[in-house]
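Visitor: This is the structure alone, sequence omitted:
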């Protein structure tokens, strides 16, 4: 299985921290803080605030890979850290959708943007829960994002920055929210197909 490009870059950038007191969970917490700040800025509805929010969110999402790479380099990988990182990723996505939905009610969706934001946020959290449950039933780890050519499906969220800076936040929001809902359905199907590890091992 090929390693995503942003994960490779993260590994290179965190190498200097491998002998520092910085911990992977601290980086995870920082990524959550950046996402919360981005959501708050998006919710104001201002164009300048949205530009800053998009940059903060994209950087925070990149850190979502850096924490795991630092854990491997420091030999600090743990089950708690893994699920903490996974949960923060889902919460960050939820905050993004809610923030944009609240702040851009003057866009093409009008008042419906708030409902769309909350619906996409709920789907992000439900997809996380389904992924955790499906993999725990099979004795594996959470996750399972589709990948192609060195990119994972979740990497599309990085586009929030350039698209926002180019003035296309409305359309990004519509496509990303729709995609999150479709992904939630995909995770539901994956969960329903998952068999308990013991049962799967039986002939």
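Guide: Noted; the coordinates are in hand. Worth saying up front: this structure is predicted, and the values here are computed from it rather than measured.

Visitor: So in the chain, where's the weakest helix or strand by average pLDDT?
Guide: None of the helices or strands of the chain scores lower by mean pLDDT, DSSP states H and E than helix 197-201, at a mean of 49.

Visitor: helices or strands up against the particular helix or strand that has residue 98 in it?
Guide: Counting by DSSP states H and E, the element that carries residue 98 is helix 79-103. With contacts defined as 3 or more Cβ pairs under 8 Å, 6 or more residues apart in numbering; DSSP states H and E, the packing partners of helix 79-103 are helix 24-43, helix 47-74, helix 112-137, helix 169-193. Where you see a C-beta, it was placed from the backbone N, CA and C, and this is true even at glycine.

Visitor: and with 6 Å instead?
Guide: The contact analysis (3 or more Cβ pairs under 6 Å, 6 or more residues apart in numbering; DSSP states H and E) places helix 79-103 against helix 24-43, helix 47-74, helix 112-137.

Visitor: Going by contacts, tell me the helices and strands next to the longest one.
Guide: Contacts defined by 3+ Cβ pairs under 6 Å, 6+ apart place helix 47-74 against helix 5-14, helix 24-43, helix 79-103, helix 160-165.

Visitor: pLDDT wise, what is residue 4 at?
Guide: pLDDT for residue 4: 62.

Visitor: any idea how far the residue nearest the centre of the chain lies from residue 101?
Guide: Centroid-nearest residue in the chain, with Cα atoms, centre = their mean: residue 89, separated by 3.7 Å. Plainly put, residue 89 is 19 Å away from residue 101 if you go by Cβ to Cβ, to the nearest Å.

Visitor: Contact partners for residue 158?
Guide: residue 58 (Cβ atoms under 6 Å, 6 or more residues apart in numbering).

Visitor: Need the three-state assignment for it.
Guide: The three-state assignment at residue 158 reads helix, by DSSP: H, G, I helix; E, B strand; the rest coil.

Visitor: Look up how far residue 58 lies from the closest residue to residue 95 other than its chain neighbours.
Guide: Spatial nearest neighbour of residue 95, excluding adjacent residues (Cβ to Cβ, 6 or more residues apart in numbering): residue 39 at 3.7 Å. Here residue 39 is placed at a distance of 13 Å from residue 58 (Cβ to Cβ).

Visitor: Compare those two (neighbour count), which wins?
Guide: More neighbours sit around residue 39 than around the other of residue 39 and residue 58, counting by other Cβ atoms under 10 Å; the figures are 25 against 18.
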